[in-house]
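Predicted model and sequence below, questions to follow.
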Amino acid sequence: MERVKQLVSHLTPGSSKGLSALERKSPDDVVITMAIRSPLCKAKKGGFKDTRADELLTEMFKQSIARSSIDPGLVGDISVGVVLASGPTYEARAAALAAGFPEHVPIQTINRFCSSGLDGSYRYLKQDQSWTN
């Protein structure tokens, strides 16, 4: 526990509030309620080497709708991290429509190799902060 307190003091310089300040809830908190990813395989050699990206995405989108029980029409935006994208740029859009998301839901793809998912999450965090400030 002492180590946690020490780390917190590094994260909040000049603050004597420590861990209690870090644990305090705020309306500005961003919370990830669900994340889903495709299975890991060797690129161009693994079990999905003959599977198109839009097929994988469509199934992932269908699973995210089923697992979250959310109305697809309430989704405000979709971000897809891609690595080694070789197909057309509209694959993610086509997959979202095929999975049941309506046309008004925007989608973006991010190619940052291994950090694509992290980059997508960070963009939403910064976007949310800019809306509330």
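Sure, I can see it. Here the structure is a predicted model, which means the values were calculated and not measured.

Going by C-alpha atoms from here, please, whenever you check contacts or count neighbours.
OK.

Which residue ranges of the chain form strands?
Using DSSP state E, the strands of the chain run over residues 78-82, 107-111.

strands paired with the last one, and their directions?
Pointing back at strand 107-111 there. Taking DSSP bridges as the criterion, strand 107-111 sits next to strand 78-82 (parallel) in its sheet.

Now the strand it pairs with - C-alpha only, PDB.
Extracted in PDB, the C-alpha atoms of strand 78-82 (Å, rounded to 0.1, in the frame of the first residue of the first chain):
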ATOM      1  CA  ILE A  78     -17.200   3.800 -33.700                       C
ATOM      2  CA  SER A  79     -13.400   3.600 -33.800                       C
ATOM      3  CA  VAL A  80     -11.600   0.600 -35.300                       C
ATOM      4  CA  GLY A  81      -7.900   0.000 -34.900                       C
ATOM      5  CA  VAL A  82      -6.300  -1.700 -37.800                       C
END
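
returning to that earlier point: of all the strands of the chain, which one is nearest residue 91?
The minimum distance between residue 91 and the strands of the chain falls on strand 107-111, with 9.4 Å, by Cα to Cα.
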